[in-house]
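> Fold the following.
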Amino acid sequence: MRRLLVVNVLLGIPGIIYYWMLSLMVLRDPMTTWGRTVRDLYETHSILPVQVVLGPPLAIGTIIWVLSNVNLVYRRKRAGSCQKASGKFWHWFIALVASLIPTAVFLCIAAFF
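Model (predicted):
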């Protein structure tokens, strides 16, 4: 369990950048423009450039996070800790929460300054 927490907290540190960039994308584009059915892909306020910039790093980070947690589930399953399906559910839940810890700490520190 300790390995699970340490690995996911360390993987959550670069996640701070992803959460920050995603929040900038959401806050920059007004929510009222999301209801449009047709978008001009060459418009300067389009969401396409943000997807081009954020897509590959976010995909690579997600793939690394998933593969490292699949490896941890496999190790726990061999050790007998993760035999039931509920054990796997708690593993993924704890992994997600542990990867959000660095972002929460960063936001708490940023709230004071």
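
> Please enumerate the helices of this structure.
2-28, 48-79, 85-112 (DSSP state H).

> Redo these as TSV? Include mean pLDDT and mean neighbour count.
Where C-beta positions appear, they are placed from N, C-alpha and C, glycine not excepted. Output for the helices of the chain, formatted as TSV (pLDDT from 0 to 100; neighbours: other Cβ atoms under 10 Å):
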stretch	mean pLDDT	mean neighbour count
helix 2-28	82	15
helix 48-79	80	13
helix 85-112	86	13
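
> Residue 69 and residue 113, how far apart?
According to Cβ to Cβ, to the nearest Å, residue 69 and residue 113 sit 33 Å apart.

> My error: substitute residue 95 in the last question.
30 Å.

> swap in residue 12?
From residue 12 over to residue 113 (counting by Cβ to Cβ), the distance is 21 Å.

> do residue 15 as well
21 Å.

> do residue 65 as well
For residue 65 relative to residue 113 (Cβ to Cβ), the value is 29 Å.

> do the same with residue 99
Distance from residue 99 to residue 113, by Cβ to Cβ: 24 Å.

> now do residue 3
Separation of residue 3 from residue 113 (Cβ to Cβ): 33 Å.

> Wait, residue 103 touches residue 15, no?
Yes - Residue 103 lies in contact with residue 15 (Cβ atoms under 8 Å); the separation is 6.2 Å.
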